[in-house]
Structure formats: C-alpha cells, structure tokens
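Participant: Quick one, fold the following:
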Amino acid sequence: MPFTNYANLDFDQIKTSIKDYLRANSNFTDFDFEGSNFSVLIDTLAYNTYINAFNSNLSVNEVFLDSATLRENVVSLARNIGYVPRSRKCSTSVVSFNISTTNDTSTLSLQPELVCVGSVDNSSYIFSIPEEITRNVVNGSTSFENITIYQGRFLSLTFTVDASLDQRFIIPNPYVDTDTIRVYVKGSSDTGLGKKYSLVDNIVTINKDSEIFLVQEVKDEKYELLFGDGIFGKKLETGSVITVNYIVTDGRDGNGASEFSFAGSIKNSNGALIAPSDTVTVSTVQSSKNGSNIESIDSIKYFAPRLYSSQYRAVTASDYESIIKTIIYPNAELVNVIGGEELDPPEYGSISISIKPKNGLYLSQFDKQLILSKLKQYSITGINQKIVDVKVLYVELDSYIYYNTSTASGPENIRTKIENSLTTYRESLDLNKFGGRFKYSKMLQLIDNTDVSITSNITKIIIRRNLNVLLNQFTEYELCYGNRFHVNSEGANIKSTGFKIASETDFLYFTDIPHPDKITGTIAVIKLSSNPDVSPTTVIKSAGIVNYVTGEIRINAINIVQTELPNSVVEIQAYPESNDVIALKELYLSLDISKSKINMIKDVMYSGENTSGILFAKDYYQSSYSNGSLIRT
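Facilitator: A predicted model of the protein is given here:
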C-alpha cells in the first residue's frame, strides 16, 4: 500500500495518488486507467476531493484574524477581543447664521435633520445635525453661532421591545457614522421620546441601572445596538419604544465644502414649524473636514490585537498610537510618540505626541485640547502628555535630465512623466511618514527608467525646514534636520528666503560662516546689493550657530516684521552630507515635488549632434555640486 501524501491537494496530484492507491491493490495491478471508463470515476473522485480541500482551506483561513479575508469574519474575530472597527465618519463644518421671524415666540429650535447644502467639486452634499438646537429670540432674531453640521442624511427609526423574543436591534442602513447615533427609550411612564441612553465602549464603570447601549458591526457594514441585561446596564422592559436617530454619510467625499445654503426646518416655542421672514445667509466658520471611510480590513487586523494588548491603557508608544487612531481621533493618519527621556534635553515623566491628520499637516488647537482631555482616561497618573506640531523635513530635487532628442516626444512630456513617477515614489512606504528614508539610488533609477529617451541624470539633494515666524516680537528659533550637513569652507551652505527686520527696509537672508573645524559655524544675516558685482552687506554678524554634524540651526532672538513668503514662513535649506536622507524621532519626511527643479537638457553626444564631446563640455556640462548662490532660489 503506497504512502499517501496529504499535502498534495492539486487536482492532478490527487488523481495520481488515487491511481497509485489502486495499482497497489492486486485486483488492479495491470489495469489501464487512462483507456477505460474507470478514468471518469477517478476524475470525479479527484474533482470532489479537490473542491472539498479548497473549501476546507478557505473555511480554516476565515477562522483566524491574520488570514481571514471576508470583512464579516474579520469584524467577528476582532469583536471576540473587544475591538469595534471605526465606522464611516461625517465630514464636519462649523457655520453661523441668523434667523429673523415675525412669529411671537421666545425661542427658535433648529430641527435634527437637513440644515445646509454644500458643494464639493461640482457635487452637492447635504449637511444635518443629530439633535435639536434651541436658541432664544432677541428683537425678532435668533443667532445660531458656531453650529457644527455633519455631512449626511439624518434618519430615524423605532423598535418596540418584546422581551419574550430573542430580539435584535439592527440599523438597516450601511454607511452610518456611529458617533451620530442618538438613542431614546420611552417606558410606560415616560413622555416624549423618553430617556436618552449613552453610548459606551466598555462596561467597566457601569451598573445595573446605567442607561447605556453598545454598538457592534454586523453583516454588510450595518450596525446592531446592544442594551443592558440588568447586571451590566439597565434591562429593557416589554412594550418600551426605542427611537434611534443617526446620520448616513458619504465619508471623505464630503470634505472641502466651504459655501453653504440654508435648508433647515425651524420650530417655535409651541412646536409649530415656521418660515424665516428674511433670507438666511450662512457664513462659514470652518470648511468641512475630517470625513473618512469605514475602517479597512488591513487596519482592523493591525490595530485589533494592539488595542487588546494595551487593555485600554496608554503605557507604551504603540498603546498611544492604537488608542489615538482607533478611539480618540480616527482622522489621524500617522501618530508618533516619544518618551521624554529621549528628548534633548530630557523631560522625564512626559510624553511628546506628534499627530498628522489625514487632511493637512497640523492639528487645530481645539483638536489638540480635545485629544489631551480624552487621553486622561487611558494614561497613567503622573505622566504628562503634550501634543507638538508635526516637524516636516522636506526633501527637494535639483535635477538635470539628459535626453536623446531623436527618440524623445518632447521635453515637457518627459518632465511630466518624471513628475508622475516621483509622485508615485512619494506615496511609497519609504516617504511621507515618521522615521522615513529617502533612498537616493532608487530615485536615480526611477528617473532613468521613466522614459527610453532619458540617457542620464545629475540630481542634487536639498533638505529644507520651514521656520514659522512670530512676527513683531523678539523670538529665538531652533531647527533640527536630523542629518549631517555638507560643509563648503567658503560658506553658503545654509540658505534662506527673504525676511525683514524693523531697522531694515530691504529683504535680508540667513547664511553661514563655517569655523575652521567644519563642525560648527556662525549664522549671519546678510543684505544683497542691487549690483551683482558688489559683495553682500553683513547686517548681523552673529545671529546664531549651526552644528553641521548634528544638523541643527539655532537662531538668536530676532524681531522679524515681514517675510517674503506668505503665512509668515522663512524657508531654510541645507545640503545633506549623505544623499540618503532619514527622518529621526519626531521628523516627518516628505518629498516636495512642487519645490523641486526638473531641468531638461539635450544629450548632444548621445543623439549624434556632437560626438567629440567638445560642445557638450562647453555648453551642456552640469556640476554635481551646489550652485554657489548665497540665497535660496
């Protein structure tokens, strides 16, 4: 009897195993399996075995979180360890408007339904509120100031409780933002909608009288409401009426709306609908943002075990990352946490948190305060958290692309292809993240392979930090690049855009004067002459110091009153000693294509226009080193 290898699960291998088994039987020793009807039976057995093995393999894979592929199964496995995937999130906007009325009423109430209509990229989106908002009427007018509106359609449904049944309360709509769910339970002695129940994410602090509910995702991205059992949470009584209000949203598609038209419903103090006496003009305080789609399967697989391991306690850096991204601020794209002992100088007993939102680079002050307040219930007593703005280290390219004119479709077409290739590389795992690395050789190869007409490229790397200036006040500044600077003993290693100080009417610039050891240097402030043959004037001889080894620039107290660039920004650049640029600690590495220079140059030697190379060396030769300019251009 032959040994059966159960690892062979392909159809042909199964068929061969069956034949080997039959041949080992004396009754079928010399039987011709291929030339008989017995071959059909063997094919049927092999096919049946193959299908069963395939289905068994799929079924077993769906049992484990790492290998499951169906969202329903991934969500179910995550639920077993107490993880609730993030729902879609409404894009929110803050608006204000006044409503005038001739109706004799003391209050006006904005109803929990459609409030405004906003447009994004020629598409209209509706914005609603999940709860009624009431304001007093003063001199026939009511001001609704700083109202937060949510992108999506407001919906409501009711359930009647029957405790004799195994009843489930499932919201029939997908694309629900669970943060907008409002639940009211009306008992036999209650009036109106009844008592408002609160959404909780754990049952540690609740008792048998707590009026709470929980939410869990079920099939087809829909949600089920769970209520107490009389031990953990108040048990529902037969005949109670559950009213559920919620908003169904378009997620991230609703981001970017800045102009709104009013479309809401208003009730007076008697509960009657009224019409405004004048046209309602909506002013936008904050454009819509922070909308996001439902949490992906890959994200669930990554964060579910990490949140479980943290047990809702923020201790390690990964605990902070998982809690912030899954519970506190789902709009975070990246979170970087550094212990105070790693800072320079050390700050023991503190945590430094950098958060990059999905839409933009910086958090608003309101979001920072909200995140810190929510973190208190998860963090350890005695540890101080602080949220710092993302420190972006920009990488720029100064690239000269040689191309063969006989095979090129045109320099502009090649430049566009190169920019598209760089955009694709920018979105790779190497860049646009904390702790990223710009790989020089990979970038050179990427450019050369963009088009067959490209013969070579000479690319210089520039690293840049933006100095956010506090205007009209003496302030010290420090910029850390995290990379060693290349040092030219003649200076001009550090270059900046222009700025003005109170005593000068012309734009000034930062530059550096290296010390003989080439380890440190002095930061000076210079003013250029209108005559290019005249040397620049030094306005401030010692405005700070630069450490070329650690890549740090410190600027002494200086009163800047104006910047050449908008938003009070002074761009300061340097040349890295190594073209492989890394982002240390809290630095966020970003390839800035918009500020990069792609220069197209004909390769006259390769195209045959000048085979001797004399013309090439004279007119087309490009240096691999800095351009010698004193300022950032």
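
Participant: which residues of the stretch 101-250 of the chain score low on pLDDT?
Facilitator: Scanning the stretch 101-250 of the chain for pLDDT under 70 picks out the ranges 202, 204.

Participant: run the last query once more with 90
Facilitator: Residue ranges of the stretch 101-250 of the chain with pLDDT under 90: 101-106, 112-114, 119-123, 131, 137-141, 163-166, 187-193, 199-209, 219-220, 229-232.

Participant: mind listing what the residue lying closest to residue 357 once chain neighbours are set aside touches?
Facilitator: In this structure, residue 357 finds its nearest non-sequential neighbour in residue 331, 5.3 Å apart by C-beta to C-beta, 6 or more residues apart in numbering. Every residue, glycine included, has its C-beta placed from N, CA and C. Residues in contact with residue 331 (C-beta atoms under 8 Å, 6 or more residues apart in numbering) are 89, 290, 292, 357-359.

Participant: and of those residues, the nearest to residue 208?
Facilitator: Ranked by distance to residue 208 (C-beta to C-beta), the contacts of residue 331 are led by residue 89 at 32.7 Å.

Participant: Direction included, what does the longest strand seen in the chain pair up with?
Facilitator: In the chain, with assignment by DSSP state E, the single longest strand is strand 454-468. Paired strands of strand 454-468, with direction, are strand 391-403 (antiparallel), strand 569-574 (antiparallel) (DSSP bridges).

Participant: Could you tell me the end-to-end distance of stretch 169-185?
Facilitator: One end of stretch 169-185 to the other measures 13 Å (C-alpha to C-alpha, to the nearest Å).

Participant: Would you mark the buried spots in that stretch?
Facilitator: Going by neighbour count (16 or more other C-beta atoms under 10 Å), the buried part of stretch 169-185 is 169, 171, 175-185.

Participant: same question, stretch 459-475
Facilitator: Buried residues in stretch 459-475, counted by 16+ other C-beta under 10 Å: 459-467, 469.

Participant: Same check on stretch 492-505?
Facilitator: 492-500.

Participant: just stretch 245-257 next, same as before
Facilitator: Across stretch 245-257, burial judged by 16+ other C-beta under 10 Å covers 245-252, 254-257.

Participant: can you check stretch 311-330 too?
Facilitator: 312, 314, 318-330.

Participant: What would that stretch look like as CSV? C-alpha coordinates only.
Facilitator: Taking C-alpha atoms only, stretch 311-330 is exported to CSV below (Å, rounded to 0.1, in the frame of the first residue of the first chain):
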residue,chain,number,x,y,z
GLN,A,311,-6.2,46.8,27.6
TYR,A,312,-7.3,50.4,27.1
ARG,A,313,-4.2,51.6,29.0
ALA,A,314,-1.8,54.0,27.4
VAL,A,315,1.7,52.8,28.5
THR,A,316,3.9,52.1,25.5
ALA,A,317,4.2,54.1,22.3
SER,A,318,2.2,51.5,20.4
ASP,A,319,-0.6,51.8,23.1
TYR,A,320,-0.8,55.6,22.4
GLU,A,321,-0.8,55.0,18.7
SER,A,322,-3.6,52.4,18.7
ILE,A,323,-5.8,54.3,21.2
ILE,A,324,-5.5,57.7,19.4
LYS,A,325,-6.1,56.3,15.9
THR,A,326,-8.9,53.9,16.8
ILE,A,327,-10.8,55.6,19.7
ILE,A,328,-9.9,59.2,20.2
TYR,A,329,-9.0,60.7,16.8
PRO,A,330,-9.7,58.4,13.9
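
Participant: Can you pull out the residues in contact with it?
Facilitator: Residues from elsewhere that reach stretch 311-330 (C-beta under 8 Å, 6+ apart): 83, 86, 89, 201-202, 292, 295, 303, 306-307, 309-310, 332, 335, 337-339, 351, 353, 355, 357, 367, 370-371, 374-375, 378-380.

Participant: swap the cut-off to 7 Å and go again
Facilitator: The contact list for stretch 311-330 (C-beta atoms under 7 Å, 6 or more residues apart in numbering) reads 86, 89, 201-202, 292, 303, 306-307, 310, 332, 335, 337, 353, 355, 371, 374-375, 378-380.

Participant: May I ask you to name the longest helix in this structure?
Facilitator: Criterion DSSP state H: the longest helix present in the chain is helix 38-61.

Participant: what is the mean pLDDT for whichever helix or strand comes after it?
Facilitator: Sequence-wise, the next helix or strand downstream of helix 38-61 (DSSP states H and E) is helix 71-79. On average, the pLDDT along helix 71-79 is 90.

Participant: rewinding a little: from the buried residues of stretch 311-330, which land in helices?
Facilitator: Among these, DSSP H puts 318-323 in helices.

Participant: and of those, the nearest to residue 97?
Facilitator: Relative to residue 97, the closest of those is residue 323; by C-beta to C-beta it sits at 36.8 Å.

Participant: Now flag whichever of the buried residues of stretch 169-185 is closest to residue 475.
Facilitator: For the buried residues of stretch 169-185, the nearest to residue 475 is residue 179 (39.3 Å; C-beta to C-beta).

Participant: helix, strand or coil for the closest one?
Facilitator: helix (DSSP: H, G, I helix; E, B strand; the rest coil).

Participant: That one: what's its closest spatial neighbour, skipping adjacent residues?
Facilitator: Residue nearest to residue 179 in three dimensions, not counting chain neighbours: residue 89, with 7.0 Å by C-beta to C-beta, 6+ apart.

Participant: May I see the strands paired with strand 454-468 organised as JSON lines, with distance to residue 13 and mean pLDDT added?
Facilitator: What follows is those, written out as JSON lines (distance: least, C-beta to C-beta, whole Å; pLDDT from 0 to 100):
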{"stretch": "strand 391-403", "distance to residue 13": "52", "mean pLDDT": "92"}
{"stretch": "strand 569-574", "distance to residue 13": "62", "mean pLDDT": "94"}
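
Participant: Test my guess that residue 174 contacts residue 222.
Facilitator: Yes. Contact criterion C-beta atoms under 7 Å: residue 174 and residue 222 qualify, at 5.6 Å.

Participant: right, and the helix or strand after whichever strand or helix holds residue 479?
Facilitator: Assigned by DSSP H and E, residue 479 belongs to strand 474-480. Per DSSP H and E, the first helix or strand lying C-terminal to strand 474-480 is strand 495-496.

Participant: Show me what that next one is in contact with.
Facilitator: Outside strand 495-496, the residues that touch it by C-beta under 7 Å, 6+ apart are 509-511, 570-573, 629-632.

Participant: Follow the chain on from the helix or strand hosting residue 135 and name the next helix or strand.
Facilitator: Element membership for residue 135 (DSSP H and E) is strand 133-136. Per DSSP H and E, strand 133-136 leads on to strand 141-151 as the next helix or strand towards the C-terminus.
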